[in-house]
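**Q** I'd like to go over a predicted model; first the sequence, then the structure.
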Amino acid sequence: MVYCKNCSLVQLSYVISTERVFADQYTYLTGTTKSLVEYFDNLANELVRKFGLRKGDIVIDIGSNDGTFLKSFMKLEMNVLGIEGSPKPVAVANANGVKTINNFFGKGISELVIKNLNDSSRVKLITAMNVLAHTDNINDFLEEVKKLMTKDTVFVSQSHYLVKLLENLEFDTVYHEHLRYYTLTSLMKLFSKHNFKIFDAQQSKFYGGSILVYADMNKKPASTNLDSILKFEQGINVKEKFDKMKAMLEKNKLELLQLLFDIKKQGKTAVGIGAPMKASTFLNFYKITPDLLKYLAEVNPLKINTISPGVHIPVVDEEIVFREQPDYALILSWNVADDIIKSYRNKGYRGKFIIPIPSVRIIE
């Protein structure tokens, strides 16, 4: 990861093309995370109310995955269109009646989008949820978004928040998909280059800590919330926080490995819950292999019967957990640990949970 002192942007120094990262092998499905479905339902209601959307107004979601967010707007009688480059999620979206274009959002895409709209003047909302950090050409991306906007359109984007990443040891959100790690300050500098005006922002606990920003071309006055976040960021020393995170992670790694070794020594079993992208960074950095973690349990059918990159832990159907009742379950999707624990208890799991971040904890 590299840090720019001029614009305060943190990004990866090596970029894999969007077309390669999100090609046929991409298996993430938004709709498999219940808490995310509920979050999008609530956010859709909030956005429709906040910006006075009416029946038949058009909502475009960029990087729409399986159409989960757009489904929330469909319930509110909005016309929707998704743009998604990964074919497997697109197939799921279209099968569920969410109109989705199978294309990556980049140079020239706006013409194709307009052709798929009945009336482009009714585009009131464009959303990009955890997408800005993923695209390999952000400047082309924003220029194409601009071509879809009218004077009444609001562009809403959500990104992982660098400040929370550093504070909460969220090192495992760093992987090849996430090219950039934003603060509000760096986002405002980026957006201003393309004549967007960010007029409001808010923090969200989702994804371990995100920042939601609202932008338009109308130059709305800045909210007090925007000013307070910017002022807060002025007091942050990014390099100092990175150094502190590194020291804490080394301690955390030793504690977790010791716990897993003790579990094995006692003749007990430990498995992983979830096989999110972040698990690849986590498991490889900690060097956790199948001798310490028997398997990873998943609900996403596209991931079951695969293996975790690098450490080669098999990914299985989560039903096996309830049948075998392993002694410990390491929650790899730790950012939604509360929901996972509740769900697993309801389904009959009787073992103990391990939450690895920001500190190693055992939940009886």
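**A** The structure has been received and is ready for your questions.

**Q** And stretch 94-114, end to end?
**A** This stretch, stretch 94-114, spans 18 Å end to end (Cα to Cα, to the nearest Å).

**Q** longest helix anywhere in the protein?
**A** Looking across the chain with DSSP state H, the single longest helix is helix 238-265.

**Q** Against which helices or strands is that one packed?
**A** Applying 3 or more Cβ pairs under 8 Å, 6 or more residues apart in numbering; DSSP states H and E, one finds that helix 238-265 contacts strand 2-3, helix 162-167, strand 270-273, helix 277-286. Any C-beta I mention is one placed from the backbone N, CA and C, and that applies to glycine too.

**Q** In this structure Leu48 contacts Val80, no?
**A** No Leu there; residue 48 is Val. No: counting by Cβ atoms under 8 Å, Val80 is not a contact partner of Val48; they are 12.0 Å apart.

**Q** just checking, Gly56 is part of a strand?
**A** No: counting by DSSP: H, G, I helix; E, B strand; the rest coil, Gly56 falls outside a strand, being coil.

**Q** ok, it to Leu29 distance?
**A** Taking Cβ to Cβ, to the nearest Å as the measure, Gly56 falls 28 Å from Leu29.

**Q** Those two: which has the busier surroundings?
**A** Neighbours around Gly56 and Leu29, counted as other Cβ atoms under 10 Å, are more numerous at Leu29. The numbers are 20 against 12.

**Q** Could you find the closest non-adjacent residue to the more buried one?
**A** Nearest non-adjacent residue to Leu29, counting by Cβ to Cβ, 6 or more residues apart in numbering: Asp66, 4.9 Å away.

**Q** Now the one you found: phi and psi?
**A** When read as degrees, to the nearest 10, the backbone of Asp66 gives phi -90, psi 10.

**Q** now swap in the one 10 residues further on and tell me
**A** Backbone dihedrals for Leu76, given as degrees, to the nearest 10, come out at phi -100, psi 10.

**Q** From Ala270, how far off is it?
**A** Leu76 is 44 Å from Ala270, by Cβ to Cβ.

**Q** More neighbours: these two, which one.
**A** Ala270 (21 against 18).

**Q** From Leu330, how far off is the more buried one?
**A** Distance, Ala270 to Leu330, using Cβ to Cβ: 6 Å.

**Q** Next: Ile313.
**A** The value you get for Ile313 to Leu330, if Cβ to Cβ is used, is 11 Å.

**Q** Need the overlap of contacts for those two.
**A** Taking Cβ atoms under 8 Å, 6 or more residues apart in numbering as the contact rule, Ile313 and Leu330 both touch 272, 293.

**Q** So those two - more neighbours on which side?
**A** With neighbours defined as other Cβ under 10 Å, Ile313 and Leu330 compare such that Leu330 has more, 27 against 23.

**Q** So what are the sheet partners of the helix or strand containing that one and their directions?
**A** Assessed by DSSP states H and E, Leu330 sits inside strand 328-331. Strand pairing for strand 328-331, using DSSP bridges, gives strand 270-273 (parallel), strand 352-355 (parallel).

**Q** Strands of the stretch 51-200 of the chain, residue ranges please.
**A** Listed in chain order, the strands of the stretch 51-200 of the chain (DSSP state E, counting those that start in this stretch) span 58-62, 79-84, 100-102, 123-129, 154-160, 180-181, 197-204.

**Q** Sheet partners, orientation included, of the next helix or strand after the last one?
**A** Think strand 197-204. As assigned by DSSP H and E, the chain's next helix or strand after strand 197-204 is strand 210-216. Counting by DSSP bridges, the strands paired with strand 210-216 are strand 154-160 (antiparallel), strand 197-204 (antiparallel).

**Q** I'm done for today, thanks for sticking with me.
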